[in-house]
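K.L.:
fold the following.
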Amino acid sequence: MYLRRTQRRRKDGSVVGYVQLAHNRRVDGVTRAEVLLNLGREDELDMHGLRRLAASITRYADGEGALAPLGGEADAGAADGESDGALELQSSRALGGVWVLDALWCRLGVREALERVLGARRFGSDVERVLFAMVANRALDPCSKLACSEWASEDVAVAGLEAIDEDQCYRAMDLLVEADTEGRVQEAVFFACADLLNLEVDLLFFDTTSTYFERAEPDAPGDDSRPAFRAYGHSKDHRPDLPQVVIGLAVTREGIPVRVWVWPGNTNDMSVLQEVKDDLRGWRLGRVVTVVDRGFSSDENLRYLTRAGGHWIAGERMRDGSPDAQAALARQGRYQTVRENLRVKEVRVGDGDGAKRFVVCHNPAEAERDRTQREQTITRLEAELDRIAAAHAKARTTKATAAHRRAECALRDHPALGRYLRQTPTGRLRIDRAKVQTEERLDGKYLLSTSDPDLSAEDVALGYKNLLEAERGFRDLKSTLELRPVFHRLEHRIRAHILLCWLALLMIRLAERQTALTWRRIALDMQRLHLVTLHGPAGNATHTTTLTDAQRQILSALRIDPPPRVTALTPA
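P.N.:
Predicted coordinates:
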């Protein structure tokens with residue numbers, strides 16, 4: 001590291017000199033000077049301050065500036081305002097994770113999109129920076145908004161944001177929801193990054209999940225007859241005893257989240273697909289094939305998805321007695337091998353323009369697992385029925401007989417075992433052999449339908465398998481980003497919280513896509529890069545710790561410049 005002098009000639013012929021703090025770096029076998037800090041014009045330098053800094057560095061390098069033990073004479077002199085030339089560590093904040101997220105935030109145009117949607121209104125704080133801090137907190141160290149304000153102020157270094165409090169966080173959340181009316185923020189963010197990422201939106205995958213709240217009672221209905229927002233409903237987290245909200249997510253085939261929706265907790269899956277279609281149609285995405293699971297594949301929903309030239313790929317229920325599904329499964333034909341564990345067969349049910357196109361998929365490995373599990377279930381059922389029969393034969397009292405009847409009822413109502421049972425007119429339970437044979441014919445199979453005449457059966461099957469990307473998004477929302485517990489009770493704050501999680505998911509998906517690493521690995525390595533502030537007699541110096549090989553590889557894969565080694569130098 002050394003001082004470097006450069007000069008520039010003005011139009012009037014005069015020469016102005018500049019002084020820089022620089023060091024040599026070897027790039028591709030060539031040594032190049034890298035500027036760490038511009039100290040300013042040569043004729044305006046604080047020479048006295050530079051001499052003090054040079055003297056302090058010399059003393060430290062010669063061993064005279066070593067830090068004295070705590071409680072020693074050096075501390076006593078410092079307490080009296082006398083400095084012995086030692087360097088003191090004032091602060092150390094994690095920088096790497098925030099640095100990566102901020103670069104992606106700017107590259108995707110999220111900052112410009114938010115500023116454009118929020119408009120030219122004047123705020124007491126930088127709303128965009130506060131929102132970024134909360135998104136970074138979700139990705140790196142999820143916590144409540146109160147704890148987030150302390151985290152952003154004390155634990156990490158956020159560019160352009162010295163400190164925030166919880167009131168600024170809540171105000172920024174309110175403005176975010178206000179600006180996202182009709183999905184304006186999400187639309188702006190999507191189109192800001194669509195061209196950059198070259199997103200393929202010919203296939204969009206949609207699914208829903210739910211998240212619950214740790215409270216005893218649901219919300220009361222609103223005064224304007226609006227339904228309760230936090231309400232009881234079908235819980236996909238297996239917590240029907242707690243109120244919840246329903247979350248919908250649309251993602252691309254690469255797993256990039258396109259848009260998020262939030263509905264009251266008692267919303268039925270069948271009732272939301274038309275709203276999803278209308279919202280995305282307003283974005284004018286062109287030809288889109290929507291991929292949905294079995295919970296959305298009612299005839300009305302599928303007809304609605306074909307409006308304005310759209311198409312769909314849908315999972316079909318095989319056990320609900322649908323005539324079309326039964327006809328498709330019964331149709332003979334030869335399977336075509338697509339992957340090692342995937343075979344497909346195309347079937348058309350109906351005549352003419354009203355014919356419906358089905359694709360029957362078969363996974364041989366899954367079929368073997370289904371067969372093994374069913375055999376184990378039947379063996380367990382036979383043992384239970386033999387035990388109940390033996391107990392009936394020995395029963396002598398009314399009380400004992402009632403106990404055995406309760407055991408039969410529990411077995412009949414069991415969610416996994418009861419499906420293979422039938423009840424005789426006398427009330428006894430028997431294994432339903434017809435049901436067992438029906439299940440044997442469905443081993444390893446799942447049924448798809450599509451309205452697109454141009455997609456091959458292979459493309460339909462592989463496209464549907466990518467629906468797992470939406471499910472992976474939900475898993476990351478609930479685990480990596482810790483969507484819950486939700487520390488909010490107002491509807492607009494809950495919506496804002498989920499929007500922040502959606503933005504964080506967008507950032508981590510991009511990082512994972514470009515580095516081929518998990519976000520946990522990226523965050524763990526990058527958070528070891530710290531911003532350190534040292535204080536000495538000559539002033540303050542703020543610099544970063546040395547990059548590790550893993551950090552260099554991550555920054556290189558993301559095409560992000562590393563932070564400068566020296567970010568601030570303040571002479572005393």
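
K.L.:
make it CA atoms for all contacts and neighbour counts henceforth
P.N.:
OK.

K.L.:
for residue 298, what are its contacts?
P.N.:
Contacts for residue 298 (CA atoms under 8 Å, 6 or more residues apart in numbering) come out as residue 270.

K.L.:
same question, residue 143
P.N.:
Contact partners of residue 143, counting by CA under 8 Å, 6+ apart, are residue 137.

K.L.:
quick one: it from residue 260, how far?
P.N.:
21 Å (CA to CA, to the nearest Å).

K.L.:
check residue 40 too.
P.N.:
Distance, residue 40 to residue 260, by CA to CA: 49 Å.

K.L.:
low-confidence regions, this structure specifically.
P.N.:
Counting by pLDDT under 70, the chain has low-confidence residues at 29, 60-86, 120-125, 195-201, 222-225, 286-287, 308, 353, 396-404, 572.

K.L.:
remind me, longest helix of it?
P.N.:
Across the chain, the longest stretch assigned as helix under DSSP state H is helix 364-394.

K.L.:
which elements pack onto that helix?
P.N.:
Contact analysis of helix 364-394 by 3 or more CA pairs under 8 Å, 6 or more residues apart in numbering; DSSP states H and E lists helix 398-412, strand 429-431 as its packing neighbours.

K.L.:
picking that back up, who has more neighbours out of residue 40 and residue 260?
P.N.:
Counted by other CA atoms under 10 Å, residue 40 and residue 260 do not tie: residue 260 has more neighbours, with 21 against 13.

K.L.:
who's the nearest residue to the more buried one once chain neighbours are set aside bridged to?
P.N.:
Distance criterion CA to CA, 6 or more residues apart in numbering; nearest residue to residue 260, sequence neighbours excluded, is residue 249 at 4.7 Å. For residue 249, the beta-bridge partners are residue 207, residue 260 (DSSP bridges).

K.L.:
next one: residue 41
P.N.:
Note on residue 41: beta-bridge partners by DSSP bridges are residue 18.

K.L.:
for burial, what's the neighbour tally of it?
P.N.:
Other residues within reach of residue 41, judged by other CA under 10 Å, total 15.

K.L.:
what bridges to the closest residue to residue 297 other than its chain neighbours?
P.N.:
Nearest non-adjacent residue to residue 297, counting by CA to CA, 6+ apart: residue 314, 6.0 Å away. Note on residue 314: beta-bridge partners by DSSP bridges are residue 292, residue 449.

K.L.:
okay, now residue 314: neighbour count?
P.N.:
Residue 314: 24 neighbours (other CA under 10 Å).

K.L.:
ok, it touching residue 294?
P.N.:
Yes. Assessed by CA atoms under 8 Å, residue 314 is found in contact with residue 294 at 6.6 Å.

K.L.:
picking up where we left off before, same question for the longest helix of the chain: list its buried residues.
P.N.:
In terms of neighbour count (16 or more other CA atoms under 10 Å), helix 364-394 has its buried residues at 364, 367, 370-371, 374, 378, 381, 385, 388-389.

K.L.:
picking up where we left off before, can you name the residues that contact the residue nearest to residue 297?
P.N.:
Applying CA under 8 Å, 6+ apart to residue 314 gives the contacts 291-294, 296-297, 448-450, 464.

K.L.:
rerun that using 7 Å as the cut-off
P.N.:
291-294, 297, 448-450 (CA atoms under 7 Å, 6 or more residues apart in numbering).

K.L.:
quickly note the distance from the one residue sitting closest to the centre of the chain to residue 557.
P.N.:
Centroid-nearest residue in the chain, with CA atoms, centre = their mean: residue 505, separated by 2.9 Å. Distance of residue 505 to residue 557, given as CA to CA: 19 Å.

K.L.:
tell me if residue 24 really is in a strand.
P.N.:
Yes. Counting by DSSP: H, G, I helix; E, B strand; the rest coil, residue 24 is found in a strand.

K.L.:
what pairs with it across the strands?
P.N.:
Note on residue 24: beta-bridge partners by DSSP bridges are residue 33.

K.L.:
that one contacts residue 36, doesn't it?
P.N.:
No. With contact defined as CA atoms under 7 Å, residue 24 does not count as touching residue 36 (10.3 Å).

K.L.:
comparing these two, which residue is more hemmed in?
P.N.:
residue 36 (19 against 13).

K.L.:
which ones are touching the more buried one?
P.N.:
Contacts for residue 36 (CA under 7 Å, 6+ apart) come out as 21-22, 564-566.

K.L.:
could you redo the last one with a cut-off of 10 Å?
P.N.:
Neighbouring residues of residue 36 by CA atoms under 10 Å, 6 or more residues apart in numbering: 1-2, 20-23, 543, 563-568.

K.L.:
need the residues you listed in CSV with secondary structure, distance to residue 480 and neighbour count, can you?
P.N.:
Compiled in CSV, the contacts of residue 36 are given as follows (DSSP: H, G, I helix; E, B strand; the rest coil; distance: CA to CA, whole Å; neighbours: other CA atoms under 10 Å):
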residue, secondary structure, distance to residue 480, neighbour count
1, coil, 41, 11
2, strand, 44, 11
20, strand, 43, 19
21, strand, 41, 16
22, strand, 40, 19
23, strand, 39, 15
543, strand, 30, 19
563, coil, 26, 18
564, coil, 30, 13
565, coil, 30, 17
566, strand, 32, 19
567, strand, 31, 15
568, strand, 34, 15
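
K.L.:
helix/strand/coil for the spatially closest residue to residue 304 that is not a sequence neighbour?
P.N.:
Nearest residue to residue 304 in three dimensions, chain neighbours excluded: residue 274, at 6.6 Å (CA to CA, 6+ apart). Going by three-state DSSP, the secondary structure assigned to residue 274 is helix.

K.L.:
residue 274 - how many residues pack around it?
P.N.:
By the criterion of other CA under 10 Å, residue 274 has 15 neighbours.

K.L.:
residue 516 and residue 95, how far apart?
P.N.:
Note on residue 516: its distance to residue 95, by CA to CA, is 22 Å.

K.L.:
looking at the two, which is more packed in?
P.N.:
The residue with more neighbours, out of residue 516 and residue 95, is residue 95; 23 against 12, by other CA under 10 Å.

K.L.:
am I right that the more buried one is in contact with residue 525?
P.N.:
No. The criterion here is CA atoms under 10 Å, and residue 95 misses it with residue 525 at 11.1 Å.

K.L.:
before we move on, back to that, residue contacts, the residue nearest to residue 260?
P.N.:
Residues near residue 249 by CA under 10 Å, 6+ apart: 204-209, 257-262, 276, 470-471, 473-474, 502.

K.L.:
ok, 6 Å please
P.N.:
Counting by CA atoms under 6 Å, 6 or more residues apart in numbering, residue 249 touches 206-207, 260.

K.L.:
and residue 167, by the same measure?
P.N.:
Residue 167 neighbours (CA under 6 Å, 6+ apart): none.
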